[in-house]
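Q: Quick one: sequence and predicted model below, then my questions.
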Amino acid sequence: MSIDTAPGAVPPSTSSRTPWLVGGVLAAAALAAGAGMMLRSAMPAPASQSGAAAPLEAPAAPAPKAVQKPSAPQVAAAPACADCGVVESVRAVKRKGQASGVGAVAGGVLGAAVGNQFGKGNGRSAMTVLGAVGGGVAGHEVEKQVKSVVVHQVTVRMDDGSVRTIEQAQAPRTGERVIVQGKTLKPAG
């Protein structure tokens, strides 16, 4: 029993699964790249790139001391706030998120499917394993990038002249007077 086919036509028994798999892998990669670009464009710009930089305020010069008369009683000066300071700079920093393993599994499956399309015999098995490992590593990194967060490193010039750096989710204004309480900043009065 023979099947007549036109010249250049593919016989019906030939599998057309490979082009569909390759096309599906390429479509998945394009979707992942598009999603990454959308997430990247949705993130706020770092404070250092958001237009003109805010000028730093120079510390106020101490007032000249008045000459006191020896007969006047002296009043004790109020103690300086040890935890008070002025926000000197704010810098946005992107931190990688925590991966749950879903990205590694998905990447491994996708990599194994692609690797299985190449080679023959033991070469195909090796390519499948390499594809699974490579896809797992790539999927793990993609998941961490997708779950990344932006934190703000705030540099505070304390009243005693020292400098402290605090990381927090919200960015205070440069020049704002704050109180440092542990690892958080509170607006001063």
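A: Structure's in. What do you need?

Q: for the chain, which spans come out with low pLDDT?
A: 1-24, 26-27, 29-80 (pLDDT under 70).

Q: can you map out the strands along it?
A: 84-95, 149-158, 163-168, 177-181, 184-187 (DSSP state E).

Q: what's the third one packed up against?
A: In this case it means strand 163-168. Other helices and strands packing on strand 163-168, by 3 or more Cβ pairs under 8 Å, 6 or more residues apart in numbering; DSSP states H and E, are strand 84-95, strand 149-158, strand 184-187. Bear in mind the C-beta positions are built from the backbone N, C-alpha and C, glycine included.

Q: And the ones you listed: which comes nearest V133?
A: Proximity to V133 (Cβ to Cβ) singles out strand 84-95 among the helices and strands packed on strand 163-168, at 26.4 Å.

Q: What residues of the closest one count as buried?
A: For strand 84-95, a neighbour-count test (16 or more other Cβ atoms under 10 Å) marks 84-90, 92 as buried.

Q: Which two among these are spaced furthest apart?
A: Taking Cβ to Cβ as the measure, the buried residues of strand 84-95 span a maximum distance of 24.6 Å, between C84 and A92.

Q: Could you report the distance from the residue nearest to G111 when sequence neighbours are not counted to Q145?
A: Among residues not flanking G111 along the chain, G135 sits closest, at 2.0 Å (Cβ to Cβ, 6 or more residues apart in numbering). With distances taken as Cβ to Cβ, to the nearest Å, G135 is found 15 Å from Q145.

Q: So which of these two has more stuff around it?
A: Neighbour count, other Cβ atoms under 10 Å: between G135 and Q145, G135 has more, with 24 against 16.

Q: Quick check: the more buried one touching A112?
A: Yes: the criterion here is Cβ atoms under 8 Å, and G135 meets it with A112 at 6.8 Å.

Q: Pull the contacting residues for the nearest residue to G134 once chain neighbours are set aside.
A: In space, and not counting its chain neighbours, G134 is closest to G111: 5.2 Å by Cβ to Cβ, 6+ apart. G111 sits next to 130-136, 138-139 when contact means Cβ atoms under 8 Å, 6 or more residues apart in numbering.

Q: measure G111 to G121 for me?
A: 20 Å.

Q: Same list, the helices and strands packed on strand 163-168, but as JSON lines with distance to R173 please.
A: JSON lines is the format used below for these (distance: least, Cβ to Cβ, whole Å):
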{"stretch": "strand 84-95", "distance to R173": "7"}
{"stretch": "strand 149-158", "distance to R173": "10"}
{"stretch": "strand 184-187", "distance to R173": "10"}
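
Q: what's the closest of those strands to R177?
A: Nearest of the helices and strands packed on strand 163-168 (Cβ to Cβ): strand 84-95, 5.6 Å.

Q: what angle do the closest one and strand 163-168 make?
A: Strand 84-95 runs at 50 degrees relative to strand 163-168, counting by axes from the mean of the first three to the mean of the last three Cα atoms, to 10 degrees.
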